[in-house]
Structure formats: structure tokens, C-alpha cells
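Asker: Sequence first, predicted model second:
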Amino acid sequence: MDQRHPRCSQSCRDLCNAMEYASKAEKEAILQYAYFRDACNYPDVKTILNELIIQKKKSIELLEKTKETLRSKFEVLDQIRTGFDGGRP
């Protein structure tokens, strides 16, 4: 599967996979910021990089919460659709 163009068969139309891709990108950014922070000798730069890491972690938490909320909502919608289709998925 191409990571830039996620595919999904659910009714959410790739939204969950797109959010997973965004979360992965945020995690990679954290690793890069941590690498630069650890290699840096300037306290002000270390502070800024730490703040960026904290912001990325918060973004990941938001993405995960939103993804789970959407997954639950789309699961209900899929069940409703299945009920109208006479039990066919």
C-alpha cells in the first residue's frame, strides 16, 4: 500500500488511514526533534525543541482520540447501512 495514498474499504472513506498516516508523521518529527535537541549545545534551542516535542505529542493524542471517535461513529453507520441492505456487508 502506498503510504501517501491510503486505501480503506470502510465508509469513512480513508479518513482513519489518513489520520494514522498523520500520526506516523508526527512520531517521526518527534524523533527528529529529539535527535537535534540531543546534539545541540544551546539551552534556548533545546527548550524550543522540547516544546515542539510536547506539541507533537499532544497532536498525536488528539489524532488518536479523534480516530477512535470516528471509528465508533462509522461502525454505527455501517451497522445501520447493513440493516437497510438486508444484512449484506
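Answerer: It's in.
Asker: okay, now Met19: neighbour count?
Answerer: Around Met19 there are 20 other residues, counting by other Cβ atoms under 10 Å. (Glycine included, C-beta is placed from N, CA and C.)
Asker: Check which residues of stretch 32-40 are buried.
Answerer: Of the residues in stretch 32-40, Tyr33, Arg37 count as buried by neighbour count, 16 or more other Cβ atoms under 10 Å.
Asker: distance between that stretch and the chain's centre?
Answerer: Centroid separation between stretch 32-40 and its chain, computed with Cα atoms, centre = their mean, to the nearest Å, is 23 Å.
Asker: which residues touch that stretch?
Answerer: Val45, Lys46, Leu49, Asn50, Leu52, Ile53, Lys56 (Cβ atoms under 8 Å, 6 or more residues apart in numbering).
Asker: What mean pLDDT does that stretch get?
Answerer: Averaging pLDDT along stretch 32-40 yields 97.
Asker: Now, of the contacts of stretch 32-40, which are buried?
Answerer: Leu49, Leu52, Ile53, Lys56.
Asker: for the residues you listed, which one is nearest Ser23?
Answerer: Lys56 (10.0 Å; Cβ to Cβ).
Asker: ok now the host helix or strand of that closest one, how far from the chain's centre?
Answerer: Element membership for Lys56, per DSSP states H and E: helix 43-84. Distance of helix 43-84 from its chain centroid, counting by Cα atoms, centre = their mean, is 5 Å.
Asker: Check which helices and strands that helix sits against.
Answerer: helix 15-39 (3 or more Cβ pairs under 8 Å, 6 or more residues apart in numbering; DSSP states H and E).
Asker: If you compare the directions of the helix or strand bottoming out on mean pLDDT in the chain and helix 15-39, what angle comes out?
Answerer: Least confident helix or strand of the chain, by mean pLDDT, DSSP states H and E, is helix 43-84 with a mean of 88. In terms of direction (axes from the mean of the first three to the mean of the last three Cα atoms, to 10 degrees), helix 43-84 departs from helix 15-39 by 170 degrees.
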